[in-house]
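K.L.:
predicted model, plus sequence, below.
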Amino acid sequence: MDLALIDRVAAAYDGKLSPQDRSCLNLCRALWGVMSRAGAQASTLMQRDAAQAPALDELMADLEEGLPFMSNHPISVDATALADVVELLLSVVSDSGAYDKSVCQAMRALNLRQLIMLSDLDLASVDPEQYLNSIVAVMQNYGIDGSQITILVGLLSMGLRALQEPAAAAMVAALPQDALDEHRHDHCPVCGGRPALAILTRNKEGQGSGRKLACLQCGSIWDFDRIRCPHCGNKQVDKLGYRTVKGYPDHRIDYCDVCGNYIRTAVVETRNSPYSIDVEDCVMASLDAYADESQREEDRSTTA
Ligand SMILES: [Zn+2]
Ligand SMILES: [Zn+2]
């Protein structure tokens with residue numbers, strides 16, 4: 001987590017956010033602080049283990065074949081380390097007052113380490129997104145209530161990212177420049193996760209026609225086609241559109257009429273300041289509420 005970048009980008013939103021989005025950003029900032037500290041520790045351990053880094057030709061072969069790096073080069077996670085970071089994240093969430101007190105108390109009474117020991121941590125090392133899906137059943141068997149499961153899965157996702165991101169970033173850093181961009185994968189080339197958001201950026205020539213996808217599970221960003229649905233691959237312009245929402249001049253919902261899915265998109269190409277995938281994701285969190293298919297016809301516009 002690049003907290004310096006996050007703070008610079010967050011400061012540029014001063015005075016531009018609704019009170020609700022501002023308090024969401026404040027809570028996220030506190031969580032990112034915890035993730036950053038946990039990541040720094042994971043990074044120190046990883047440097048001691050540098051001999052285990054995958055060879056460049058193996059990573060290039062994975063990219064060519066469309067295999068996420070982690071599927072061939074697991075990033076293992078220690079149950080205690082994960083439980084510790086999730087405990088810290090949970091205490092931030094509880095103290096924020098954003099969730100019901102009794103729900104927070106119930107979550108804090110759980111034995112998170114035991115819960116994590118019951119889950120398939122080997123799966124987390126090769127496919128974090130699948131792991132997070134699989135731990136839902138573990139929590140249900142444990143008798144945890146649905147509203148707590150949603151929060152806990154979110155915190156586990158953050159905890160995993162904190163511990164795995166240094167090794168994931170090291171694999172990307174080992175690649176030749178732009179190598180991650182050339183194949184235009186619709187899933188994260190590093191962890192295999194689905195992209196959480198898209199970013200419309202300037203392209204390499206400085207023109208406003210580039211598009212990137214971002215994975216919040218490992219923090220990776222890579223190039224993708226400007227006109228193509230990341231969910232189904234549809235490239236028909238008349239079946240792709242976007243919806244803008246009042247109060248969000250820099251963000252929109254890009255949708256596809258073929259598969260019915262959408263992706264929240266940050267339009268940063270006209271900005272002269274940097275962007276952060278974490279800050280953009282957080283400030284447009286509420287756009288999901290506007291993504292309903294039934295609302296699309298009225299403001300149909302073509303993607304460009
Ligand atoms: Zn990823
Ligand atoms: Zn689609």
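P.N.:
Done, it's in. Ligands and ions are numbered 1, 2, ... in the order given.

K.L.:
so what's the spatially most central residue of the chain closest to, chain neighbours aside?
P.N.:
Centroid-nearest residue in the chain: L216, 1.2 Å away (criterion: CA atoms, centre = their mean). Distances taken as CB to CB, 6 or more residues apart in numbering put A196 closest to L216, at 4.2 Å, once the chain neighbours are dropped. Heads up, the C-betas are built off the backbone N, CA and C, glycines and all.

K.L.:
show me what contacts the one you found?
P.N.:
By CB atoms under 8 Å, 6 or more residues apart in numbering, the contact set of A196 is 214-217, 264, 277, 281.

K.L.:
gap between it and ligand 1?
P.N.:
Distance, A196 to ligand 1, by CB to the ion, to the nearest Å: 9 Å.

K.L.:
next, give phi and psi for the closest residue to ligand 2 within the stretch 51-200 of the chain.
P.N.:
Going by CB to the ion, ligand 2 is nearest to D186 of the stretch 51-200 of the chain, at 9.9 Å. When quoted as degrees, to the nearest 10, the phi and psi of D186 stand at phi -90, psi -10.

K.L.:
before we move on, what about G247?
P.N.:
Per degrees, to the nearest 10, the backbone of G247 is at phi 90, psi -10.

K.L.:
that one against P19, yeah?
P.N.:
No. Counting by CB atoms under 8 Å, G247 does not reach P19; the two are 11.8 Å apart.

K.L.:
show me where this structure has its strands.
P.N.:
197-201, 210-214, 221-223, 240-244, 251-256, 262-267 (DSSP state E).

K.L.:
okay, the ones you listed in a markdown table with mean pLDDT and mean neighbour count next?
P.N.:
Formatted as a markdown table, the strands of the chain follow (pLDDT from 0 to 100; neighbours: other CB atoms under 10 Å):
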| stretch | mean pLDDT | mean neighbour count |
| --- | --- | --- |
| strand 197-201 | 94 | 21 |
| strand 210-214 | 94 | 22 |
| strand 221-223 | 95 | 21 |
| strand 240-244 | 93 | 19 |
| strand 251-256 | 94 | 22 |
| strand 262-267 | 95 | 23 |
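
K.L.:
quick one: Q130 from A124, how far?
P.N.:
Separation of Q130 from A124 (CB to CB, to the nearest Å) stands at 9 Å.

K.L.:
how about V103, what does it touch?
P.N.:
145, 147-148, 151.

K.L.:
for the top helix by length along the chain, enumerate the helices and strands it packs against.
P.N.:
Under DSSP state H, the helix in the chain containing the largest number of residues is helix 19-48. Other helices and strands packing on helix 19-48, by 3 or more CB pairs under 8 Å, 6 or more residues apart in numbering; DSSP states H and E, are helix 3-12, helix 79-96, helix 146-173, helix 277-283.

K.L.:
need the residues of this structure near ligand 2, please.
P.N.:
By the rule CB under 5 Å from the ion, the part of the chain lying against ligand 2 is 229, 231-232, 234, 256, 258-259.

K.L.:
can you flag the buried ones in those residues?
P.N.:
Among the residues of the chain next to ligand 2, those classed as buried by 16 or more other CB atoms under 10 Å are 229, 231, 234, 256.

K.L.:
so who does C282 touch?
P.N.:
21, 24-25, 28.

K.L.:
isn't L121 up against A81?
P.N.:
No. Judged on CB under 8 Å, L121 makes no contact with A81 at a distance of 10.7 Å.
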